[in-house]
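Undergrad: Pasting the sequence and the predicted model now:
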Amino acid sequence: MKIKKVTKAVFPVAGMGTRFLPATKSIPKEIMTLVDRPLIQYAIDEARAAGIKEFIFVTSRGKSALEDYFDHSPELESALRKAGKDQLLEVLKDTNMDSGAIAYVRQNRAMGLGHAVWCARRLIGNEPFAVLLPDDVIAAEKPCLQQMVEAYEQTGGNMVAAMEVPPHMASAYGVLDVAEDMGSILQVKGMVEKPKADEAPSNLAVIGRYILTPKIMTNLNKMKQGAGGEIQLTDAIAEEAATPGKVFGFRFRGQRYDCGSKAGFLQATVAFGLSRPDLRDEFGSYLQDLMALQRAAQ
């Protein structure tokens, strides 16, 4: 059976971003900048690299700035063109999306990640699709979703990105119950959402990259509440894992940063800043001086 290509991606961006208040009182969390690009731009660039052509945003009230970000800005582009700032015009090209490439769906009630994905069901139809959580920013030589798409072409089924976490952190994630470890690809027989440390089936946590079959939408239709009283995406995937060969984990190559937390956002800022040739020397020197002052003060 020929495996269908993944050309659609869902971006759940309806959250209120309360951990970043007061900043998120007036701007969506996904627009917060990591160095000089908003979080959502990293997710979009990763999806493009993986061959995604249709981008579906699950939004909520107060997200108009997110929608405007991907629109053309004729006044700004005209001003840059008149000023001869061609390099900045090139930078703007990555932020512009073709007409019809992006669709927006409202999630009117905060009922969990599974519900957010379910809101996109009519636009997904009978196609496999990716889900990217912009909070998870992954630095990798080959973008994470591209790695997953290449692995998915071998396995089919459903695939989730996985990384090892310390046992005491398992309760913050969905955790894989592994049937067979095949290296970078893992055959999965179950998933547990936010288990207690002593009840976690492994130390392999699911992070915010998924490739899913339309059957997941059928499972989500049941509106079954899980951990925290929410409709959990991991529960819908776990139903498929009961059948061997339907769900796979993927150990991606790269470094994941949890930009949904303040500490993770700061860590990502330092890492991405130091990776930039135009910032590395000045920023690196500042950090070295700062550490020297801290050591001297101790």
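TA: Now that the structure is in, tell me what you want to look at.

Undergrad: just checking, residue 175 touches residue 196?
TA: No: Residue 175 lies out of contact with residue 196 (C-beta atoms under 8 Å); the separation is 10.4 Å. All C-beta atoms are positioned from the backbone trio N, CA, C, and that covers glycine.

Undergrad: quick one: which of the two has more around it?
TA: Using other C-beta atoms under 10 Å, the more surrounded residue of residue 175 and residue 196 is residue 175, with 27 against 9.

Undergrad: Shouldn't that one be within a strand?
TA: Yes: under DSSP: H, G, I helix; E, B strand; the rest coil, residue 175 sits within a strand.

Undergrad: Which pLDDT value goes with it?
TA: Per-residue confidence for residue 175 comes out at a pLDDT of 88.

Undergrad: now residue 291
TA: 90.

Undergrad: What spatial separation is found between it and residue 274?
TA: 13 Å (C-beta to C-beta, to the nearest Å).

Undergrad: And for residue 73?
TA: Per C-beta to C-beta, residue 73 is found 30 Å from residue 274.

Undergrad: who has more neighbours, residue 291 and residue 274?
TA: residue 274 (13 against 10).

Undergrad: roughly how far apart are residue 61 and residue 267?
TA: Residue 61 is 30 Å from residue 267, where distance means C-beta to C-beta.

Undergrad: Comparing those two, which shows the higher neighbour count?
TA: Ranked by neighbour count (other C-beta under 10 Å), residue 61 and residue 267 place residue 267 first, with 15 against 10.

Undergrad: residues contacting that one?
TA: residue 257 (C-beta atoms under 8 Å, 6 or more residues apart in numbering).

Undergrad: what is the rounded mean pLDDT of the helix or strand where it lies?
TA: Here residue 267 sits within helix 262-275, counting by DSSP states H and E. Averaging pLDDT along helix 262-275 gives 95.

Undergrad: Pass me the low-pLDDT residue ranges in the stretch 151-298 of the chain, would you?
TA: By pLDDT under 70, the weakly predicted segments of the stretch 151-298 of the chain are 225-229.

Undergrad: Which parts of it are strands?
TA: Along the stretch 151-298 of the chain, the segments classed as strands by DSSP state E, counting those that start in this stretch run 158-164, 174-181, 185-193, 204-212, 247-251, 255-258.

Undergrad: List the contacts of residue 139.
TA: Residue 139 neighbours (C-beta under 8 Å, 6+ apart): 254-255, 257, 271-272, 275.

Undergrad: again, only this time at 6 Å
TA: Residues near residue 139 by C-beta atoms under 6 Å, 6 or more residues apart in numbering: 254-255.

Undergrad: what's the answer for residue 254, then?
TA: Residue 254 is in contact with 138-140, 144, counting by C-beta under 6 Å, 6+ apart.

Undergrad: Identify the residue nearest it in space, chain neighbours excluded?
TA: residue 140 (2.8 Å; C-beta to C-beta, 6 or more residues apart in numbering).

Undergrad: Since that was my last question, I'll sign off now.
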